[in-house]
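S.K.: Got a predicted structure here, sequence first:
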Amino acid sequence: MTKIYIEISKLSEKFRKIANRYCNDKTDIDDAVQELMLYFLQMNPDTLKKVYENDGVEGLIKYGTVALRRALGSPRSAYYYKYKKYYTHVYNYPQPTYETKEGEVKNKYYIENLEGDTLNVSQWEKLEKIDLALDDLHWYDRELFKLYYYEGNTLDSLAEKTRISRNSLFTTIDKVRDIIKEKVNE
């Protein structure tokens, strides 16, 4: 398997050129190729081995091309949920600005533009309470909650990945959500 992963790593520049067919933004291309590399690492080793044994490097390129096309073209892809959906919302939201001493207008919440202690402390405290509440939960409940909320999975995709029924996932995640609400609002 290591040999296959080495071959895949050598193809990253080739995958960037392929991604350029579907997108012109360098950042999006880099993110999509990075997501593709993660996809190769997480896919079933037997399937990957079969692709490599049947078609060699060409098979990996074809497989990667299809995965890139889906990632950059489908609003249901993991790439879309991780990068495009979140950042499209963030960039389209009107951001507060401030004027520097030199008269330059900057976005208030970009990390490099923060001056002093301008972060909303109550939001950080709530996030800290959520983390503490999650730490108190059973590992099963905590991990399902993280997979659902932090990784952007849908109930259907999570059911497919984990082989746990959709109804069971919903019940568990709903229970964890209620526990967290209760602990955060104390």
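M.R.: In hand now; what should we look at? Remember, predicted model here, so these are calculated numbers, not experimental data.
S.K.: Least confident secondary structure element in the chain?
M.R.: Counting by mean pLDDT, DSSP states H and E, the weakest-scoring helix or strand in the chain turns out to be helix 85-92, with a mean of 52.
S.K.: Quick one: list the elements packing against the longest helix that the chain contains.
M.R.: Longest helix of the chain, by residue count under DSSP state H: helix 45-73. If contacts are counted by 3 or more CB pairs under 8 Å, 6 or more residues apart in numbering; DSSP states H and E, helix 45-73 sits against helix 2-10, helix 12-19, helix 26-42, helix 78-79. Every residue, glycine included, has its C-beta placed from N, CA and C.
S.K.: change it to 6 Å
M.R.: helix 12-19, helix 26-42 (3 or more CB pairs under 6 Å, 6 or more residues apart in numbering; DSSP states H and E).
S.K.: the inter-axis angle of it versus helix 26-42?
M.R.: Relative orientation of helix 45-73 and helix 26-42, computed by axes from the mean of the first three to the mean of the last three CA atoms, to 10 degrees: 160 degrees.
S.K.: Going by the annotation, which residue ranges form each domain of the chain?
M.R.: If you go by automatic domain parsing, the domain ranges for the chain are 2-84, 117-181.
S.K.: And those domains, which one averages the lowest pLDDT?
M.R.: Lowest mean pLDDT of these: domain 117-181, a mean of 83.
S.K.: out of everything not next to it in sequence, what's closest to the most centrally placed residue in the chain?
M.R.: Taking CA atoms, centre = their mean, the centroid of the chain lies closest to Lys82, which sits 3.1 Å from it. Excluding the flanking residues, the one nearest Lys82 by CB to CB, 6 or more residues apart in numbering is Gly152, at 6.3 Å.
S.K.: distance of the one you found from Ile8?
M.R.: Noted for Gly152: a distance of 24 Å to Ile8, by CB to CB, to the nearest Å.
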